[in-house]
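My questions are about this predicted structure, shown below with the sequence.
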Amino acid sequence: MSDDLAELDAETLRDQLKQARLQIKKLNRETELFKGIIERNRVASAVKDNLSQIISDSKSELEKYMNLLLKNCPDIILLFDRQDRIVYCTEVFLTLCRIPAFGIISGMSYHDLFYEYAGPEIAGNADSIFRNMATDMKPVTKEELIDFGRSGNPRNYTVQITPMVDEDNFSLGSMVFFYDTTDILTAKREAEFANKAKSDFLATVSHEIRTPMNAIIGIANILKSTHLNDSQMEYLRGIQNSSNTLLNLINDILDFSKIEAGKLELVPEYFSLPELLRHLKTMFELMFAQKSLYLSCIFDPELPRAVQGDEKRVGQILTNILNNAYKYTKKGGVIFRVRLDEGSGEFVFDVEDTGIGIREDAIPRLFTAFEQLDLVRNKKVVGTGLGLAITKRLCEIMSGSISVRSEYGKGSVFTVRLPLKIGSDADLPAEEGGDVIEFTTENARVLLVDDIQINLEVAEFMLNCFGIEPDLASSGKQAVSLAREKQYDLILMDHMMPEMDGVEATHLIRGLGGACAALPIVALTANAVSGAKEMFLANGFTDFMSKPMDNADLARGLQKWLPPERIIRK
């Protein structure tokens, strides 16, 4: 019995020992697991401490750079807390206001701060802005003239006041930013003054050159109507050609001035493209024949008749590139092609010449203003160097383009692409007839005013062609006196005259009242710079004509402004 008990106790002990060993192994595994967790926590803690140090160092570095940035910021920045008390400002504010240290102003309200260092008016403006901003919480931008430090030297500032809010849209205060715009505004005023000076100069030059040009061209036209022998007629053609060349140079300069000022306005109307092309063909065929050059015109027969665009400027573009080919071609000739690109809907104008060509390195400068390429070879070519520059600008204004391909010494091809709108024949204006003088007048009462005797004589001769015997006035004062004494159907008034110019005279005539209040007064002016038309209309003129004036311009003006009963159709 005792042996059995002993054997049982031994077996139990073995089981218990086995269980104990298993428990020890489990505890050892858990111990190793806990050691791993402790080690990972230790590493994580070390990493966290290291990261915190890195963040702290980075924050310190960032704060250092931010402090340097704000300290050296050239603009005034003021920060206010929720109670509108100043808590920060850039150094430039302290310098301008001659404040030795920020502590002197720390905690001041915006009102007291601005009142003390910018004046009561700025403080009052700030009161209004801060009150409104407290309600709608939106940034406010204003332009102010401020004398910081009240030194007697105010400057222009753009002021932006911005509310500072947290992610819950809760107000933390506001930031006021002052950007000094004094130098910018000064530069702008100087640029405007320079631009006005340029416009005034061009107006003066235009007047001084166009005035004698008006006389030269007018006298040439008068001579043409007299009996001249062949030799005299040849001399007259020389005068007319030289006059037209000079007039084209003046027009180039004035057109470029308008484009530069952004005041060149397009007049989009329906016109006959084939008619314009025929006119160019006729004009240039005569010119090319004089140099024994050929001009081959290849116009697509399917070209639409009516297109919409500025006919005058389209004609100017084509005239410029054809004239350019004419000037630089000494032998051979030019091919002028026109077609409609069905794919893009653009009209394509190609001018291919057998001229001197363009060096590859010179092509980028080809459309630069006031520049002629290869001056040694082209020293006999007349021009301002503006023609192609104006052509490029006109193409761009019309949403078109101009490009060139050239082989030096063999010729060039200029290609203009213009997106002209296609219309129908019904869109075209009624034809006015080909004869310039297609009417005469009966008892038309016209007053002609000009301070230059030769201009009076030329204009009088032109009016005589329409059956008009005008009254003549050589000054603005005399024009006012005649307008007071007589009743006129039309006054042709010169602009620039000594003592009393055309503008002042027109104001005085309008002031006479009665029929003079609505009397057509047309300015005769050699001032063709941008804004001239608007200036005349704003000063009581009914219309204006540019000098030198031709029969076509005069005919249109007379038909437009004389009473219908005075016009007698031929």
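Structure received. Residues are numbered from 1 along each chain as shown.

And the helices in the stretch 301-450 of the chain?
Using DSSP state H, counting those that start in this stretch, the helices found in the stretch 301-450 of the chain span residues 311-327, 387-397.

can you redo the ones you listed as JSON lines with mean pLDDT?
Shown next, in JSON lines, are the helices of the stretch 301-450 of the chain (pLDDT from 0 to 100):
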{"stretch": "helix 311-327", "mean pLDDT": "88"}
{"stretch": "helix 387-397", "mean pLDDT": "85"}
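
which one of these lies closest to L519?
Smallest distance to L519 across these (Cβ to Cβ): 29.3 Å, for helix 311-327. Where C-beta positions appear, they are placed from N, C-alpha and C, glycine not excepted.

ok and the closest one relative to helix 387-397, angle-wise?
Angle, helix 311-327 to helix 387-397, by axes from the mean of the first three to the mean of the last three Cα atoms, to 10 degrees: 150 degrees.

what helices or strands is helix 311-327 leaning on?
Helix 311-327 sits against helix 273-290, strand 333-340, strand 347-353, helix 387-397, strand 411-418, with contacts defined as 3 or more Cβ pairs under 8 Å, 6 or more residues apart in numbering; DSSP states H and E.

With distance to I146 and mean neighbour count as new columns, can those be given to me in CSV?
Formatted as CSV, these follow (distance: least, Cβ to Cβ, whole Å; neighbours: other Cβ atoms under 10 Å):
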stretch, distance to I146, mean neighbour count
helix 273-290, 59, 15
strand 333-340, 61, 19
strand 347-353, 57, 21
helix 387-397, 42, 20
strand 411-418, 52, 20
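
Quick one: closest of these to Q83.
helix 387-397 (57.2 Å).

Remind me what that closest one packs against, helices and strands.
Looks like helix 387-397 contacts helix 230-260, helix 311-327, strand 401-407, strand 411-418 (3+ Cβ pairs under 8 Å, 6+ apart).

Out of the ones you listed, flag the one nearest G467.
Per Cβ to Cβ, nearest to G467 of the helices and strands packed on helix 387-397: helix 230-260, 25.5 Å.

if we can go back for a sec, of all the helices and strands packed on helix 387-397, which one comes closest to D147?
Closest among these, using Cβ to Cβ: helix 230-260, at 37.5 Å.

Can you show me the strands along the stretch 51-200 of the chain?
Here the stretch 51-200 of the chain has its strands, by DSSP state E, counting those that start in this stretch, at 76-80, 86-89, 140-146, 155-165, 171-180.

repeat for the stretch 451-570 of the chain
All strands of the stretch 451-570 of the chain, identified by DSSP E, counting those that start in this stretch, fall at 471-473, 490-494, 521-525, 543-546, 567-569.

from these, which stretch is densest packed?
strand 490-494 (a mean of 27; mean count of other Cβ atoms under 10 Å).

partners of that one in the sheet?
Looking at strand 490-494 with DSSP bridges, its partner strands are strand 446-449 (parallel), strand 521-525 (parallel).

Out of the ones you listed, which is closest to A10?
strand 521-525 (137.3 Å).

re the thing from before, got the helices and strands packed on helix 387-397 as TSV, with distance to V87 columns?
Listed next are the helices and strands packed on helix 387-397 as TSV, based on distance: least, Cβ to Cβ, whole Å:
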stretch	distance to V87
helix 230-260	50
helix 311-327	61
strand 401-407	58
strand 411-418	62
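
and of the ones you listed, who's closest to I184?
Short answer: helix 230-260, nearest of the helices and strands packed on helix 387-397 by Cβ to Cβ, at 21.2 Å.

Check the offset of stretch 533-544 from the chain's centre.
Centroid displacement of stretch 533-544 relative to its chain, using Cα atoms, centre = their mean, to the nearest Å, is 24 Å.

now do stretch 93-110
The answer for stretch 93-110 is 45 Å, by Cα atoms, centre = their mean.

hmm, who's touching that stretch?
The contact list for stretch 93-110, computed with Cβ atoms under 8 Å, 6 or more residues apart in numbering, reads 76-78, 80, 83-89, 113, 116-117, 126, 130, 148-149, 176.

are any of these buried, and which?
Listed as buried from the contacts of stretch 93-110 are 76, 78, 80, 84-86, 89, 113, 116-117, 126, 130, 148-149, 176; burial here means 16 or more other Cβ atoms under 10 Å.

Looking at those, spot the one nearest E396.
E396 has its nearest neighbour among these in I76, at 42.2 Å by Cβ to Cβ.

is that closest one in a bridge, and if so with what?
F178.

Number the chain from 803, please
Fine by me, first position is 803 from now on; the one you just mentioned is I878.

Who are the contact partners of Y1290?
1247-1249, 1273, 1321.

can you redo the residues you listed as a markdown table with distance to A1307 and pLDDT?
Rendered in a markdown table, the data for the contacts of Y1290 read as follows (distance: Cβ to Cβ, whole Å; pLDDT from 0 to 100):
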| residue | distance to A1307 | pLDDT |
| --- | --- | --- |
| R1247 | 18 | 93 |
| V1248 | 16 | 93 |
| L1249 | 11 | 94 |
| D1273 | 14 | 94 |
| L1321 | 12 | 92 |
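
Among these, which one is most surrounded by other residues?
Per-residue neighbour counts (other Cβ atoms under 10 Å) across those peak at V1248, which has 25 neighbours.

Please state the backbone phi and psi of the residue lying closest to that one once chain neighbours are set aside?
In space, and not counting its chain neighbours, V1248 is closest to P1272: 4.3 Å by Cβ to Cβ, 6 or more residues apart in numbering. Reported as degrees, to the nearest 10, the phi and psi values for P1272 are phi -80, psi 160.

closest one to L1025 among the helices and strands packed on helix 1189-1199?
Per Cβ to Cβ, nearest to L1025 of the helices and strands packed on helix 1189-1199: helix 1032-1062, 5.6 Å.

Any buried residues in stretch 973-983, and which?
Quick answer for stretch 973-983 (16+ other Cβ under 10 Å): 975-980, 982.

again with stretch 1266-1279
Neighbour-count burial for stretch 1266-1279 [16+ other Cβ under 10 Å]: 1267-1268, 1270, 1272-1278.

next one: stretch 821-833
In stretch 821-833, counting by 16+ other Cβ under 10 Å, buried: nothing.

what pLDDT, on average, does it get?
Throughout stretch 821-833, pLDDT has a mean value of 75.

got the CA positions of that stretch in PDB?
C-alpha atoms of stretch 821-833 as PDB (Å, rounded to 0.1, in the frame of the first residue of the first chain):
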ATOM      1  CA  GLN A 821       3.900  21.700 -15.500                       C
ATOM      2  CA  ALA A 822       6.300  23.900 -13.600                       C
ATOM      3  CA  ARG A 823       8.900  23.600 -16.400                       C
ATOM      4  CA  LEU A 824       6.300  24.500 -19.000                       C
ATOM      5  CA  GLN A 825       5.200  27.500 -16.900                       C
ATOM      6  CA  ILE A 826       8.800  28.600 -16.600                       C
ATOM      7  CA  LYS A 827       9.300  28.400 -20.400                       C
ATOM      8  CA  LYS A 828       6.100  30.400 -20.900                       C
ATOM      9  CA  LEU A 829       7.300  33.000 -18.400                       C
ATOM     10  CA  ASN A 830      10.700  33.100 -20.100                       C
ATOM     11  CA  ARG A 831       8.900  33.700 -23.500                       C
ATOM     12  CA  GLU A 832       6.800  36.500 -22.000                       C
ATOM     13  CA  THR A 833       9.800  37.900 -20.300                       C
END
